[in-house]
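Novice: sequence isn't available, so here's the structure alone:
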């Protein structure tokens, strides 16, 4: 029986410096389940761009598209989908793909991940299927789970509005601490875009809303697929590792502008406003501030890494996390702390994977 055709779409999440580690793992597993790969490069620094160009030249199944500007996640994904729909000569395989897999560029895939994911989607007639997403070192003997699907609950409010609640299942739990019976293929309410497979016939009926970036794009997609009656599946036998900046705190100086762009305060506010209207959420939803607080803490990671506990910079960052701090002032404080404290050589991090990228400190492309 012929294997269903698959197109992979890789987009840049919030750092460029993990490009090689991620792409090397994807290419290394090509023989196990062949695919076509569309890689969207949104204004990566010269060394990363050269690496991507070299990989595209060496691998005829890799289509590289570059834009000389930073891209939001769904903007990048829609560029790739436009490429598929155009189906130029020599790329008919992308037009015929039964499945599309979206991957962020800070994910390392594990051997056999794709074949397992496709087989599960086929067997379970899933519209969307996602692997078990781990975090930390990809070769850790007892890794931590980042997410094993998402549970969503709505609470009705007056005037047709609602509160929105989501829970990342098994987040932060060590893999070996989970009973095997709890990690079986299961239907969930949502999955994350770190790694996500979707059936082409469903993808053609949804809209990847350009307003949504890494913060809410997966939620919006899963809402749309659920409204179409599609099954959303977690497949825990397929593994990928998200190189979470909290666990792999690597930041090149060339990462900073892109990282700040992706988690910008003003853009986050626009995303929240868009979500309230599109999803019919109440403005007093208590979950909104908890999500916003996560965005602030996540955005401050490189600044915190560059400052010492108790320093003026660290104290300034702590003040900026408070709800009463205006957004414009929060961004100004963070920018100032980074400008005065971030090391010229960047912040290095050890990364151990099966592919030939053993440790990362400075760009090695």
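Specialist: Happy to help now that I have it. Please read these numbers as outputs of a predicted model, since none were measured by experiment. Numbers count the residues shown, from 1 in each chain.

Novice: which residues in this structure form helices?
Specialist: In chain order, the chain shows helices spanning 19-28, 46-58, 73-86, 92-95, 113-124, 200-203, 217-227, 253-262, 265-278, 287-299, 301-305, 312-320, 327-341, with DSSP state H as the criterion.

Novice: tell me which of those sits nearest to residue 192.
Specialist: helix 217-227 (4.8 Å; C-beta to C-beta). C-beta here means a position set from N, CA and C on the backbone, and glycine is covered the same way.

Novice: ok, the nearest residue to residue 274 once chain neighbours are set aside to residue 225 distance?
Specialist: Nearest residue to residue 274 in three dimensions, chain neighbours excluded: residue 211, at 4.8 Å (C-beta to C-beta, 6 or more residues apart in numbering). Using C-beta to C-beta, to the nearest Å, residue 211 is found at 18 Å from residue 225.

Novice: shaky segments in the chain?
Specialist: Within the chain, the ranges that satisfy pLDDT under 70 run 1, 86-95, 354-365.

Novice: just give me the longest strand of it.
Specialist: When the chain is parsed with DSSP state E, its longest strand is strand 232-242.

Novice: and it, which strands flank it?
Specialist: Strand 232-242 pairs in its sheet with strand 107-109 (antiparallel), strand 128-135 (parallel), strand 186-187 (antiparallel), by DSSP bridges.

Novice: sorry, back to before: wait, which of the helices of the chain is closest to residue 161?
Specialist: Among those, if distance is taken as C-beta to C-beta, the winner is helix 265-278, at 8.7 Å.

Novice: tell me what angle that closest one forms with helix 217-227.
Specialist: Angle of helix 265-278 versus helix 217-227, following axes from the mean of the first three to the mean of the last three C-alpha atoms, to 10 degrees, is 10 degrees.

Novice: for helix 265-278, packing partners?
Specialist: Judged by 3 or more C-beta pairs under 8 Å, 6 or more residues apart in numbering; DSSP states H and E, helix 265-278 is in contact with helix 287-299, helix 327-341.

Novice: for residue 252, find the nearest of those helices.
Specialist: Of all the helices and strands packed on helix 265-278, helix 327-341 sits nearest to residue 252, with 13.0 Å by C-beta to C-beta.

Novice: please identify the buried residues of that closest one?
Specialist: Buried residues in helix 327-341, defined by neighbour count with 16 or more other C-beta atoms under 10 Å: 330, 331, 333, 334, 337, 338, 341.

Novice: re earlier: among the helices of the chain, which comes closest to residue 190?
Specialist: helix 217-227 (3.8 Å).

Novice: ok now that closest one, how far from the chain's centre?
Specialist: Centroid displacement of helix 217-227 relative to its chain, using C-alpha atoms, centre = their mean, to the nearest Å, is 15 Å.

Novice: same thing with stretch 281-290?
Specialist: Mean C-alpha position of stretch 281-290 versus that of the full chain (C-alpha atoms, centre = their mean) differs by 23 Å.

Novice: ends of it, what's the gap?
Specialist: Using C-alpha to C-alpha, to the nearest Å, one end of stretch 281-290 lies 15 Å from the other.

Novice: got the buried residues for the longest strand of the chain?
Specialist: By 16+ other C-beta under 10 Å, the buried positions in strand 232-242 come out as 232, 233, 234, 235, 236, 238, 239, 240, 241, 242.

Novice: look up how far residue 27 lies from the residue nearest in space to the middle of the chain.
Specialist: Centroid check for the chain by C-alpha atoms, centre = their mean gives residue 194 as the closest residue, at 3.5 Å. To residue 27, residue 194 is 18 Å away according to C-beta to C-beta.

Novice: please apply the same query to residue 110.
Specialist: Residue 110 is 14 Å from residue 27, by C-beta to C-beta.

Novice: compare those two (neighbour count), which wins?
Specialist: Between residue 110 and residue 27, counting by other C-beta atoms under 10 Å, residue 110 is the more crowded of the two (20 against 17).

Novice: beta partners of the residue nearest to that one when sequence neighbours are not counted?
Specialist: Nearest in space to residue 110, with sequence neighbours left out and distances taken as C-beta to C-beta, 6+ apart, is residue 239 at 4.2 Å. Beta-bridge pairing of residue 239 under DSSP bridges involves residue 132.

Novice: hmm, back to that, so which of the helices of the chain comes closest to residue 136?
Specialist: The nearest among those, by C-beta to C-beta, is helix 19-28 at 13.2 Å.

Novice: what helices or strands is the closest one leaning on?
Specialist: Going by 3+ C-beta pairs under 8 Å, 6+ apart, helix 19-28 lies up against strand 6-11, helix 46-58, strand 99-104, strand 107-109.

Novice: contacts for the longest one?
Specialist: Contacts of helix 46-58 from elsewhere in the structure, counted by C-beta atoms under 8 Å, 6 or more residues apart in numbering, are 16-17, 19-20, 23, 27, 39, 41, 44, 62-64, 66, 254, 363, 365.

Novice: adding distance to residue 49, write the helices and strands packed on helix 265-278 out as a markdown table.
Specialist: Formatted as a markdown table, the helices and strands packed on helix 265-278 follow (distance: least, C-beta to C-beta, whole Å):
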| stretch | distance to residue 49 |
| --- | --- |
| helix 287-299 | 25 |
| helix 327-341 | 24 |
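
Novice: now stretch 204-216: buried residues?
Specialist: By 16+ other C-beta under 10 Å, the buried positions in stretch 204-216 come out as 206, 208, 209, 211, 212, 213, 214, 215, 216.

Novice: start to end distance for that stretch?
Specialist: Using C-alpha to C-alpha, one end of stretch 204-216 lies 20 Å from the other.

Novice: what does that stretch contact?
Specialist: Under C-beta under 8 Å, 6+ apart, the answer for stretch 204-216 is 13-14, 72-75, 77-78, 81, 104, 193, 217, 220-221, 224-225, 228, 262, 267-268, 270-271, 274-275, 278, 291, 295.
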